[in-house]
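> give me a 3D structure for the following:
(one chain, ligands or ions: 1)
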Amino acid sequence: MATPDAAAASPRLVVLASGRGSNLQALLDAIAEGRLPARVVGVLGDRPKAPALARAHAAGIPALALRPRDFASRDAFDAALFAEVVALQPDFIVCAGYMRLLGATVLAPWAGRIVNIHPSLLPAFKGLDTHARAIAAGVVEHGASVHFVTADLDGGPVIAQARVAVQPDDDAATLAARVLEVEYPLLVATLGLLVSGRLALRGGVVLLDRRVIDTPLQLAANHLAA
Ligand code: GRF
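Modelled structure (predicted):
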């Protein structure tokens, strides 16, 4: 468990979330258990009733959702959301089940400091319904990816992945559940590298310890390896 002083000095995370918030919870648990030297200073979203916001409140973390319909355009919504983000003074932003595209204007200052978790082995199956689409495509392997966010939907440079085998009797729900189990350690391990300053994004490529990684890091036994 981090001491109060250590916690105050820890890298500050803002989490963007639209829904259930189980990845947020995994981060909060990892932080509370001393497995991730960071602090979630706020949770922001686009759905006031999202369970993710309730999880944040339960943990004593400021949480707020803005409603897209209250804004004249997507850019106006993004600008308002990021005004809230900036007010929280994060070092990094984590999209954990945040279901809206972010525009290039708000993302520009955060290049290399904003990541997203997506439930597929990118570049396969960008967008929604990834598990059903993976089964329909007959792939033998599926999984999750953490990538740097760009204005390209699920298209930013991939940092790390976790793989699961697709079983013959899988449906979208069983596959989603198994992928979710690896999402949590994948997100925690990737953020561990990010908050310790070991990851960078330069010219559209991912660097680990100042070296280009040609293929995403792979999660094995809850650790990331090249
Ligand atoms: C996860 O599968 C994540 O990869 C995707 O949306 C889902 C969010 O789940 N982007 P939760 O809200 O973290 O429980």
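
> show me where the protein has its strands.
12-16, 39-45, 63-65, 92-95, 114-118, 141-148, 158-165, 199-202, 205-208, 211-212, 217-220, 223-225 (DSSP state E).

> what's the closest of those strands to the ligand?
Each of the strands of the chain has some distance to the ligand by C-beta to the nearest ligand atom; the shortest is strand 114-118, at 4.4 Å. C-beta: built from backbone N, CA, C; applies to glycine.

> how far away is Ala177 from Asn116?
20 Å (C-beta to C-beta, to the nearest Å).

> which bits of this structure sit near the ligand?
Proximity of the chain to the ligand, by C-beta under 6 Å from any ligand atom, involves residues 17, 19-23, 52, 96-97, 117-119, 144, 180, 183.

> farthest pair within those residues?
Greatest spatial distance in the residues of the chain next to the ligand: Ala52 and Ala144, 17.5 Å, computed using C-beta to C-beta.

> now for the closest residue to Pro68 other than its chain neighbours: which residues touch it?
Among residues not flanking Pro68 along the chain, Phe77 sits closest, at 5.0 Å (C-beta to C-beta, 6 or more residues apart in numbering). Contact analysis of Phe77 by C-beta atoms under 8 Å, 6 or more residues apart in numbering lists 46, 66, 68, 71, 100.

> now swap in Gly45 and tell me
16-18, 52-53, 63-66, 98.

> low-confidence regions, the chain specifically.
1-7 (pLDDT under 70).

> any idea how it splits into domains?
1-110, 120-143+152-226 (automatic domain parsing).

> quick one: contacts for Thr190?
115, 146, 159-160, 199, 217, 224.

> any chance of these in a markdown table, with distance to Leu207 and neighbour count too?
Putting those into a markdown table (distance: C-beta to C-beta, whole Å; neighbours: other C-beta atoms under 10 Å) gives the following:
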| residue | distance to Leu207 | neighbour count |
| --- | --- | --- |
| Val115 | 14 | 24 |
| Val146 | 15 | 31 |
| Ile159 | 10 | 23 |
| Ala160 | 13 | 26 |
| Leu199 | 7 | 25 |
| Leu217 | 12 | 23 |
| Leu224 | 14 | 21 |
